[in-house]
Every structure is written in C-alpha cells, then in structure tokens.
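Peer 1: Need coordinates for the following:
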Amino acid sequence: MLFVFLLKKVMPLRGVKIEIKYDFYYIFSSYQSRILHKNSTMLVIGLIKEGKVPADNRVALTPAQCKFLIKHFPDIQIKVQPSPNRCYKDAEYQQAGIELTNNLSDCNLLLGIKEVPVNQLIPNKRYAFFSHTKKMQPYNQALMHAMVQNKITLIDYECLEHKDGQRIIGFGFFAGIVGAHNGMMAYGNKSGAYHLERVHKVKDYLELIHTYFGLKLPPVKIVVTGSGRVAHGILEIMNLMDVQEVEPEDYLTKQFDYPVYVQLKGANLYSHKATGKYNRQHFHEHPHEYNCLFSQYFSETDILMNGIYWSNDMPRLFELDDMKRTDFRITTIADITDDKFGSVPCNLGDSTIDEPVYGVNKNLGNKTAPCEMGSIDIMAVGNLPNELPRDASRFFGEQLIKYILNDIRTGGSELIEKATILAEGKLSHHFEYLQEYAAVD
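Peer 2: A predicted model of the protein is given here:
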C-alpha cells in the first residue's frame with residue numbers, strides 16, 4: 001500500500017504521466033455488490049465536524065474518496081457537515097459533488113476521528129470514531145455514560161482487527177513519520193549538530209522528503225521499539241535520513257562513525273521471569289509475568305523512538321530512578337505511542353504541535369524547558385498525524401474503504417461486530433468487562 005501511495009506522488013516528478021485507479025475498487029466491489037437490490041438499505045454516511053478542542057483537522061474520507069463511492073455504489077449517499085478546521089476544505093467536497101449540510105438526521109453512519117463531545121451526540125445514531133474507552137480511560141467515562149444514555153451504537157476504529165489481532169485501520173504510520181521527524185528535530189536542537197524544520201510547514205509528505213536532501217547526521221545511536229504501523233513510520237524516516245540498521249548484538253558492542261538504529265520488537269524487550277523466553281500471545285495475556293530487558297541499552301543509546309504498544313500492567317522500558325544512573329545516555333525521547341507515565345515514565349503528559357518538546361530533569365523528574373543541561377527532552381504529541389493531515393486522511397480513507405465500509409454496507413460482519421463497543425446503548429458481549437465503567441448512576 002505504501003508503494004502505491006508513494007507511486008502516486010513521486011512518479012509525476014520524473015516526467016512520467018500515469019493514472020492509478022483505486023485498487024481497492026476490486027476488493028470493495030463485485031458484480032453482485034454493484035447492483036442496487038430492491039430490498040437493500042441505503043447507506044447514508046455523514047462526515048461529522050470534529051468538535052473536540054483543540055479541533056482535529058483530519059477526516060475519515062477525502063473528497064476524491066467520497067466521489068468514488070457515490071459514483072460506483074448507488075446505495076451510498078454521503079453528506080458532510082461544514083467545518084472551518086478540516087484539512088480538506090468545504091469547497092473541495094462541493095466540487096466533488098458532495099452535499100454540505102449541518103443536518104445529519106437521516107444519516108445511518110456518522111464518521112468522525114476524535115471523541116465526539118457529549119453535547120454534540122445525536123441520539124440513536126451509529127458512530128465510528130476513536131473513542132478511547134476500551135482501556136476504561138477515566139477522562140472519557142462521561143462520554144461513555146452519554147453514549148449509553150443516548151442509545152448510541154459505537155464502532156471503535158481501534159477495535160477493528162484482522163483475525164491475528166493486527167489492527168486494520170488507523171493513523172499509526174503517519175504518527176510514526178511525524179514523531180520520528182520531531183524526535184530527530186529535538187535531538188538536533190539539543191545537540192546543535194543540525195537543524196530540521198517543522199513538519200506542518202510543508203505541504204505534504206513528498207515535500208517533507210525533499211527537506212532531507214543533503215542532511216548529514218552525526219554518528220548517533222537510535223533505538224526504535226515496536227513492530228506495528230507506528231514503527232513502520234519511524235523506520236521510513238530512518239531510511240530517508242540514511243540511518244543504517246544494525247543488529248542488537250552489534251549495537252550493544254560496537255561504535256560507528258555514521259548514524260545507526262536498532263529495532264527492538266517484543267522478543268528483544270521482554271522475557272518470562274521463569275523461562276527466560278517470550279511468547280507474544282502469552283505476554284499480552286500475562287504481562288506481569290515478564291521482565292523488561294531494555295536496561296542493557298541505556299549506555300548505548302542517544303535517542304529513543306518509542307512505538308510499542310503499552311497497557312497499565314506491562315513492564316515499563318525503564319523507571320524514573322533509572323534516569324539518575326551514570327550510564328543512562330539517552331538525551332532525547334520521541335514517545336510516539338504517547339502514554340502518560342506509561343512505557344516511558346518521564347512522559348509527563350501531552351505536548352502540543354505548537355510546542356512539541358519539553359524537558360524532564362533527570363534527578364528531580366520535574367518538567368523543564370527543552371535543551372536544558374541535566375534534562376532529557378521528551379516529544380509526546382498526541383495528534384502527530386495532524387501535521388500531515390491530507391496524506392494521513394487519504395491513507396486512512398483507503399483502509400476504511402478496503403476493509404470496513406463494504407461490511408457495514410452489506411449488513412455487518414464478525415469483524416464489525418467485534419469492534420462494536422455499544423449497540424443501541426448496550427455493551428456488546430466482547431466488551432462486558434466495561435460494565436462497571438459504563439454503568440450510569
């Protein structure tokens with residue numbers, strides 16, 4: 001998919017005139033599915049205005065994707081709620097033939113990105129967005145209660161998974177791209193060795209790539225954690241910046257006169273307390289039975305790019321007291337998965353796109369300005385893809401069309417059912433563990 005994405009962008013630069021049609025059409029459509037049956041129900045999609053503050057500028061479907069859907073599927077309608085903050089302007093949707101309206105009362109699927117404010121919920125509607133409730137996040141409990149009371153059906157993007165547990169849809173790849181750039185930018189500012197501009201100052205991903213031409217990095221050593229979409233985005237930037245990959249044993253025992261990174265996956269980071277082995281499924285079911293092995297990397301690492309999944313009962317990569325060690329060499333951390341006090345305990349909370357980096361004093365653990373002596377610089381932005389919103393939205397919408405919308409359009413599937421946290425205000429059986437969290441007094 002990334003190859004297709006880049007091909008669309010890069011090939012015209014080489015003077016090659018090409019036309020790439022949406023390859024997902026052949027997945028999403030078949031001869032029968034293109035026929036509007038007499039008894040079929042019209043799928044009326046509403047793209048809602050993002051109401052969370054600060055406003056998110058991403059969108060679930062781009063104007064071109066909306067145009068594609070209504071052109072090829074007569075049983076789909078799309079309406080767009082006007083928004084001054086969306087990365088695709090209202091006029092672009094109008095030019096694509098999409099209706100702009102604040103009235104979404106006749107829509108039977110409302111697509112958003114971030115959590116919908118309680119006062120903007122439309123009762124008895126079916127929504128799809130990132131609710132951030134599956135971990136019983138206390139800051140969204142009021143939203144859960146409101147959805148129960150309003151008999152909302154909620155499909156959570158985060159819960160849409162392939163059979164092997166791999167997430168289907170999300171912005172992780174572009175979070176990794178922007179987060180890695182910002183982490184390298186932070187290290188450059190702290191060390192004074194080089195300078196990188198902000199991502200949001202460029203038009204798109206292609207222009208960002210061009211900013212790396214001629215960039216020469218010092219011989220830094222970088223750890224990249226994780227193996228999912230976030231990690232793939234980080235590795236994309238490592239490769240574009242000409243940072244060379246090395247194996248863990250070489251990383252730990254050798255010094256290099258050029259920049260290098262090592263990718264640490266689950267088996268590199270965790271071992272069972274009794275057996276010394278790692279099993280992914282067992283680890284996720286019983287994480288408290290595992291030790292973290294990251295301490296051996298303290299003395300060999302300048303920059304940590306954290307892209308690994310974390311939950312409250314998983315061991316952290318290190319503890320706050322570890323930062324006081326004389327062999328703790330890390331000076332810059334890009335915590336791209338961004339869990340406050342999580343796998344990176346010196347994540348003291350979100351930074352912002354305007355001010356993406358803050359310092360944390362190694363001895364006291366308190367927040368400081370970035371680039372101070374005796375502090376570690378932390379990049380912990382919670383909405384990183386907003387710096388490349390058009391690219392991120394286009395990628396997100398392609399996954400939505402490929403894997404999700406046809407299942408919803410044709411009446412549902414096991415995949416959709418397993419991602420439905422609420423059905424008309426009631427918890428589905430997959431999420432019964434949220435019963436206390438969702439209970440309304």
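Peer 1: got the end-to-end distance for stretch 140-154?
Peer 2: Stretch 140-154 has its terminal residues 14 Å apart, counting by CA to CA, to the nearest Å.
Peer 1: Likewise for stretch 298-316?
Peer 2: 14 Å.
Peer 1: And for stretch 119-129?
Peer 2: End to end - CA to CA - stretch 119-129 spans 16 Å.
Peer 1: and what of stretch 129-146?
Peer 2: One end of stretch 129-146 to the other measures 15 Å (CA to CA).
Peer 1: contacting residues around that stretch?
Peer 2: 111-116, 118, 121, 147, 152, 154, 156-159, 311-312, 421, 431, 434, 437-438, 440 (CB atoms under 8 Å, 6 or more residues apart in numbering). To be clear about C-beta, it is placed using only N, CA and C from the backbone, and glycine gets the same treatment.
Peer 1: average pLDDT for it?
Peer 2: Stretch 129-146 comes out with an average pLDDT of 94.
Peer 1: Kindly report the same for stretch 56-70.
Peer 2: For stretch 56-70, mean pLDDT rounds to 95.
Peer 1: buried residues in that stretch?
Peer 2: Within stretch 56-70, the residues scored as buried using 16 or more other CB atoms under 10 Å are 56-63, 65-70.
Peer 1: What of stretch 381-398?
Peer 2: Within stretch 381-398, the residues that count as buried by 16+ other CB under 10 Å are 381, 383-398.
Peer 1: residues making contact with that stretch?
Peer 2: For stretch 381-398, with CB under 8 Å, 6+ apart as the criterion, the contacting residues are 1, 5, 22, 24, 54, 56-62, 64-65, 87-88, 114, 169-171, 173-175, 177-179, 182, 198-200, 204-205, 208, 336, 338, 350-353, 356.
Peer 1: before we move on, what about stretch 163-177?
Peer 2: So stretch 163-177 is in contact with 2, 58, 157-158, 160-162, 205, 208, 228-237, 307, 336, 384-385, 388, 391-392, 395-396, 399-400, 403-404, 415, going by CB under 8 Å, 6+ apart.
Peer 1: again, only using 6 Å
Peer 2: 157, 160-161, 229-230, 232-234, 236-237, 307, 336, 384-385, 388, 392, 396, 399-400, 403 (CB atoms under 6 Å, 6 or more residues apart in numbering).
Peer 1: now stretch 108-128
Peer 2: Here stretch 108-128 has contacts from 44-48, 50-52, 56, 58, 60, 129, 131, 143, 146, 150-151, 153-155, using CB under 6 Å, 6+ apart.
Peer 1: Likewise for stretch 349-363?
Peer 2: Contact with stretch 349-363 is made by 182, 186, 323-324, 340, 346, 367-370, 372, 374-382, as judged by CB under 6 Å, 6+ apart.
Peer 1: Spatially nearest residue to Val178 (excluding sequence neighbours)?
Peer 2: Spatial nearest neighbour of Val178, excluding adjacent residues (CB to CB, 6 or more residues apart in numbering): Leu384 at 4.2 Å.
Peer 1: The one you found and Gly179: what is the separation?
Peer 2: According to CB to CB, to the nearest Å, Leu384 and Gly179 sit 5 Å apart.
Peer 1: cool, and Leu400?
Peer 2: According to CB to CB, Leu400 stands 22 Å off from Gly179.
Peer 1: These two - which one has more neighbours?
Peer 2: Applying other CB atoms under 10 Å to Leu400 and Gly179 shows that Gly179 carries more neighbours, namely 31 against 21.
Peer 1: How about the contacts made by that one?
Peer 2: For Gly179, the contacting residues are 334, 336, 384, by CB under 6 Å, 6+ apart.
Peer 1: In terms of pLDDT, where does it sit?
Peer 2: Note for Gly179: predicted pLDDT of 97.
Peer 1: now do Ile20
Peer 2: 37.
Peer 1: got it, and Phe3?
Peer 2: pLDDT at Phe3 comes out at 39.
Peer 1: Please apply the same query to Asn312.
Peer 2: Note on Asn312: pLDDT of 86.
Peer 1: helix, strand or coil for the residue nearest to it when sequence neighbours are not counted?
Peer 2: Using CB to CB, 6+ apart and skipping the chain neighbours, the partner closest in space to Asn312 is Lys135 (7.6 Å). Under DSSP: H, G, I helix; E, B strand; the rest coil, Lys135 falls in the coil class.
Peer 1: Neighbours of Lys135, how many?
Peer 2: Counted with other CB under 10 Å, residues neighbouring Lys135 total 13.
Peer 1: Give me the phi and psi for it.
Peer 2: phi -100, psi 20 (degrees, to the nearest 10).
Peer 1: gap between it and Ser311?
Peer 2: 7 Å.
Peer 1: With Tyr93 instead?
Peer 2: 38 Å.
Peer 1: Show me which of those two is the more surrounded one.
Peer 2: Between Tyr93 and Ser311, Tyr93 has the larger neighbour count (other CB under 10 Å), namely 25 against 11.
Peer 1: right, and the helix or strand after the helix or strand where that one lies?
Peer 2: Using DSSP states H and E, Tyr93 sits within helix 90-95. Sequence order places strand 99-100 as the next helix or strand after helix 90-95, per DSSP H and E.
Peer 1: Given that next one, what are its sheet partners and their directions?
Peer 2: In the sheet, strand 99-100 lines up against strand 76-80 (parallel) (DSSP bridges).
Peer 1: Name the residues that touch the strand it pairs with?
Peer 2: The contact list for strand 76-80 (CB under 6 Å, 6+ apart) reads 43-47, 66, 69-70, 93, 98-101.
Peer 1: if you set the cut-off to 7 Å instead, what comes out?
Peer 2: Here strand 76-80 makes contact (CB atoms under 7 Å, 6 or more residues apart in numbering) with 42-47, 66, 69-70, 93, 98-101, 104, 107, 409.
Peer 1: Tabulate the CA atom coordinates of that strand in CSV.
Peer 2: Extracted C-alpha coordinates of strand 76-80, given in CSV (Å, rounded to 0.1, in the frame of the first residue of the first chain):
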residue,chain,number,x,y,z
ILE,A,76,-24.4,5.0,-0.8
GLN,A,77,-25.0,8.7,-0.1
ILE,A,78,-22.6,11.0,1.7
LYS,A,79,-23.2,14.2,3.5
VAL,A,80,-20.5,16.5,5.0
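Peer 1: Sweet, I'm off.
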